[in-house]
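K.L.:
Give the three-dimensional model of this entry:
(3 chains)
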Amino acid sequence: MNQITKEVSNAIRVLREKVPLVHNITNYVTVNDCANALLAIGASPIMADDIAEAADISGISSALVLNIGTLNQRTVASMLAAGKRANELGIPVVFDPVGAGASKLRNDATREILEQVSLTVLRGNISEVSFVAGLAASTKGVDASEADGGNDAVTVAKAVAEKLGCTAAVTGAVDVIADGKRVAQIRNGHPMLSRVTGTGCMTSSLVGAYAGALRDGFTAAVAGIASMGIAGELAYEAAGQTGTGSFHIAIIDALSRLNPVLLEERAKLDEI
Amino acid sequence: MNQITKEVSNAIRVLREKVPLVHNITNYVTVNDCANALLAIGASPIMADDIAEAADISGISSALVLNIGTLNQRTVASMLAAGKRANELGIPVVFDPVGAGASKLRNDATREILEQVSLTVLRGNISEVSFVAGLAASTKGVDASEADGGNDAVTVAKAVAEKLGCTAAVTGAVDVIADGKRVAQIRNGHPMLSRVTGTGCMTSSLVGAYAGALRDGFTAAVAGIASMGIAGELAYEAAGQTGTGSFHIAIIDALSRLNPVLLEERAKLDEI
Amino acid sequence: MNQITKEVSNAIRVLREKVPLVHNITNYVTVNDCANALLAIGASPIMADDIAEAADISGISSALVLNIGTLNQRTVASMLAAGKRANELGIPVVFDPVGAGASKLRNDATREILEQVSLTVLRGNISEVSFVAGLAASTKGVDASEADGGNDAVTVAKAVAEKLGCTAAVTGAVDVIADGKRVAQIRNGHPMLSRVTGTGCMTSSLVGAYAGALRDGFTAAVAGIASMGIAGELAYEAAGQTGTGSFHIAIIDALSRLNPVLLEERAKLDEI
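P.N.:
As a prediction, this is how the structure comes out:
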C-alpha cells in the first residue's frame, strides 16, 4: 500500500471521529444529495445562503463548500461573505465552479470568488478548471466538454494549483489532484456516474468534509474524490443493471458503508 | 404499427444521438427529478434562473422548459427573458402552468408568458390547460381537479392549440395531444404516477428533450408523454407493491432503460 | 389498546378520507421529501413561498407548515403573511424552527413568527424547542445537540406548551408531546433516521397533514411523529443493512403502506 492510500484510509477514520460540520452554499438541483452524501460519509451538513447568516454559519463550521450550479446574484454575495469569514478563521474553502465559462454571470461570480476568497481546493471538470485558469476552454452546459482533449489534466491541475496557491482537482476518467508539491492520480469511478446529476457536487461536498476533518487540502481532495469513485464502482455492481435511479440511491448506500478497509482494497491511487 | 408509433420510436433514436441540452427554469420541489429524468432519457440538463444569465443559457440550449410550480417574482422575469431569447433563435419552448388558477401570481405569470413568449408545447392537466385557455376551471392545489369532467380533454386540447397556435397536451387518465392538424391519444401510464410529486414536471422536461432533438412539437409531446407513461407502467411492475418511494426510483430506472423496441411494444397511441 | 393509540389509528383513517391540502413554506434541501411524504401518507402537498401568493395559497389549504431550514429574508416575509392568513381563517399552523439558535437571522425569524403567528404545533429537537422557549440551549448546525441533557424533554415540552398556548412536540430518542392538558410519549423510531436529511422536516409536514384533517394539534402531533417513527422502523427492517440511500427510499415506501392496523400493532404510545 502506497503512502497516499494510507493517508486516505486514515482520513475516513479521522472524519468519522470528528463529524465535521460542513457549510454548503450550493445549487437547489443537487442539494439534497449533497446533504445525504455528507451524512453518509459521517459528516454533518448545514445549508444556509442568506447574506444575513452566511458568514455566521461559516464561522461555526469546519469547512465551507461553494458551488455555483444554480447561482443567483443574491447567493453570490452570500458566497463572498461566507468565504471571507472562513478565510479569517482559517476554515478550509472548497470551490466547485459548475458551468464556469457558460455565461457572463458564472464567469463574473467565479472571478469575484477568486479575487476575494482564498481557496483550499478547487474541484471541477477540465473545462471548468481550465476556464478558471484562464486557459482556453469551451463549456457545454454543466457537463464536461469532450472538446478539451488538448489540455492535459495534469498540466491544467499543476498550472491552476500554482496560479491560485491551492489544491486543484480535475475530475474525469482519470482524476488528477495537484497542490504545487504533490500530484496524485485516481483511477476509480464508473462512467455511469455521469448519468446521475449531482455526482460532481457531492464529490465537492465530500472533499469539504475531509478538509474540515484533516485541514489538509491535498489529502482531502484525494480522499473525497476516491470515496465517490469507489462508491460509484460499488453502486454499479449493486444496481447498474437496474437503471440510473437505483444506481443513484446505491451511491449513497455505498458512501454510508465505506470504511478504511474497503478504501484500502479498492483505491487505485498513485502519485506521479 | 401506426404512423405516430413509428414517429415516437424514431424520436428516442434521434434524441439519444443528438443529446440535446435542455434549459429548465423550474421549481425547487422536483428539479432534481427533472434533471435525472433528462439524463435518463439521454438528454443533458441545465438549470439556470437568474435574470443575469437566463437568456444566455437559453441561447446555447436546444430547448427551454418553463415550469411555474414554485414561481417567484424574480424567476418570472427570468422566464420571460429566456423565452424571448428562445423565440428569437427558433429554440422550442415548453410551458408547464403548474397550479394555474390557484393564485393571482400564477395567473398573472401565465398571462405574461402567453403574451410575451410563443410556445411550442403547453402541457398540463385539464384544470391548468383549461384555465390557460380562459375556459372555466377550478384548481385545487397543484393536482388535477376532478370537478372538470365537463370539459372534455379533446375539446380543450383542440381549442387551446388553435387559440395559442401551439401543441396543447392535456395529461390525465387518457392523454390528449393536439396541434391544430393532428390529435393523438395516449393510453399509457399508471394511477400510481399521481402519488409521486414531479411526474408532471418530469414529463414536461422530457417533452423539452424530444422537442430539442426533433424540432416538432406534436411528436415531441407525444413521445415525452408516452415515455413517462410507459416508464410508469414498468415502474409499477418493478416496484409498485413496495411503495411510492421505490416506485419513484423505478420511474428513473425505466426511463434510463427505455429504447425504440420497448416503446414500440408498449406504446398505446392512436390518432383521432 | 390505550386511548391515544385509538385516536392515532383513527387519525390516519380520517386523513385518507379528507386528503388535506397542506401548504409548506420550507427549505429547498428536503422539500421533495416533504412533498413525497405528504403524498405517501395520503395528503396533497403545495409549496409556494412568494409574498405575492403565500397568503392566497394558505387560504385554500387545510394546514400550513413553516420550516426555517434554509430561510431567507424573502421567505420570512412570506411565512408571516401566510401564518396570519391561516390564523384569520382558523387553519392550523405547524412551525419547525430548524437550527433556531444557530444564527441571528434564524433567531430573529423565530421571534417574529412567534410574535405574529399563533401556532397550533411547534415541533423540533430539544435544542431548538428549548431555544424557542428562551431556555438555555446551544445548537450545533441543524442536528440535535447532545449537550442539552440538562433540559428534560418533558419539562421543556410542558413549559413551551404553556408559554405559547400550543402543542409542543420535542422529538428525540423518546418523543414528548404536550399541549397544556395532555402529555404523550412515543417510543417508536430508529437511530438511522438521523442519518438521512429531512426526516425532521418530513415529520413536521406529516403533523401538518394530520392537523389539517383532524383540527386537533395534540393528536395530529402524536399521529405525525408516530407515523414517521414506525416508518423508520419498517424502513430499517427493509433496507437498513443496504445503506442510508435505500433506507431513505424505504421511509417513503413505509409511509405509503401505513394503515390503521399497522399503526395499532406498532405504536408505542403512552400518556403520562
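K.L.:
list the contacts for A:Arg16?
P.N.:
A:Arg16 is in contact with A:Gly42, counting by Cβ atoms under 8 Å, 6 or more residues apart in numbering or on different chains. The C-beta positions use only the backbone N, C-alpha and C, and glycine is treated the same way.
K.L.:
Which strand or helix spans it?
P.N.:
Using DSSP states H and E, A:Arg16 sits within helix A:3-18.
K.L.:
what are the C-alpha coordinates of that helix, in CSV please?
P.N.:
Output in CSV follows, covering the C-alpha atoms of helix A:3-18 (Å, rounded to 0.1, in the frame of the first residue of the first chain):
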residue,chain,number,x,y,z
GLN,A,3,1.7,6.5,1.0
ILE,A,4,-1.4,8.3,-0.4
THR,A,5,-3.6,5.2,0.1
LYS,A,6,-2.5,5.1,3.7
GLU,A,7,-3.4,8.7,4.1
VAL,A,8,-6.8,8.3,2.5
SER,A,9,-7.6,5.2,4.7
ASN,A,10,-6.7,7.2,7.7
ALA,A,11,-8.7,10.2,6.5
ILE,A,12,-12.0,8.4,6.7
ARG,A,13,-11.2,7.3,10.3
VAL,A,14,-10.5,10.9,11.3
LEU,A,15,-13.6,12.2,9.5
ARG,A,16,-15.9,9.8,11.3
GLU,A,17,-14.3,10.6,14.7
LYS,A,18,-14.6,14.4,14.2
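K.L.:
For that helix, what does the pLDDT average out to?
P.N.:
The average pLDDT within helix A:3-18 is 98.
K.L.:
Name the residues of it that are buried.
P.N.:
Buried residues in helix A:3-18, counted by 16 or more other Cβ atoms under 10 Å in any protein chain shown: A:Ile4, A:Thr5, A:Glu7, A:Val8, A:Ser9, A:Ala11, A:Ile12, A:Val14, A:Leu15, A:Arg16, A:Lys18.
K.L.:
how deep is the spatially closest residue to A:Lys268 that is not a sequence neighbour tucked in, by neighbour count?
P.N.:
Sequence neighbours aside, A:Arg187 is the residue nearest to A:Lys268 in space, at 3.9 Å (criterion: Cβ to Cβ, 6 or more residues apart in numbering or on different chains). By the criterion of other Cβ atoms under 10 Å in any protein chain shown, A:Arg187 has 13 neighbours.
K.L.:
which stretches of the stretch 51-200 of chain A form helices?
P.N.:
For the stretch 51-200 of chain A, applying DSSP state H, counting those that start in this stretch gives helices covering A:54-59, A:73-89, A:104-116, A:126-132, A:153-164, A:199-214.
K.L.:
May I see those helices arranged in TSV, with mean neighbour count, distance to C:Val160 and mean pLDDT as well?
P.N.:
Below are these laid out as TSV (neighbours: other Cβ atoms under 10 Å in any protein chain shown; distance: least, Cβ to Cβ, whole Å; pLDDT from 0 to 100):
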stretch	mean neighbour count	distance to C:Val160	mean pLDDT
helix A:54-59	23	25	96
helix A:73-89	20	31	96
helix A:104-116	18	42	94
helix A:126-132	27	48	91
helix A:153-164	20	49	94
helix A:199-214	29	33	98
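K.L.:
now those in a markdown table, with distance to C:Asp33?
P.N.:
Formatted as a markdown table, those follow (distance: least, Cβ to Cβ, whole Å):
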| stretch | distance to C:Asp33 |
| --- | --- |
| helix A:54-59 | 22 |
| helix A:73-89 | 22 |
| helix A:104-116 | 29 |
| helix A:126-132 | 29 |
| helix A:153-164 | 36 |
| helix A:199-214 | 17 |
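K.L.:
Nearest approach to chain B belongs to which of the ones you listed?
P.N.:
Closest to chain B of the helices of the stretch 51-200 of chain A, according to Cβ to the nearest Cβ: helix A:104-116, at 3.8 Å.
K.L.:
what are the phi and psi values for A:Val174?
P.N.:
Phi and psi for A:Val174, reported as degrees, to the nearest 10, are phi -110, psi 130.
K.L.:
Report how many residues lie close to it.
P.N.:
Around A:Val174 there are 14 residues (other Cβ under 10 Å).
K.L.:
A:Gly240 now?
P.N.:
Burial of A:Gly240 is recorded as 17 neighbouring residues (other Cβ under 10 Å).
K.L.:
Find me whatever residue is spatially closest to the residue in the stretch 101-250 of chain A positioned nearest to chain C, sequence neighbours aside.
P.N.:
Residue of the stretch 101-250 of chain A nearest chain C, by Cβ to the nearest Cβ: A:Ile249 (4.1 Å). When the adjacent residues along the chain are set aside, A:Ile249 lies closest to C:Gly245, with 4.1 Å between them (Cβ to Cβ, 6+ apart).
K.L.:
After the helix or strand that contains that neighbour, which helix or strand is next?
P.N.:
Secondary structure from DSSP H and E places C:Gly245 in helix C:244-257. For helix C:244-257, the following helix or strand on the C-terminal side (DSSP H and E) is helix C:260-266.
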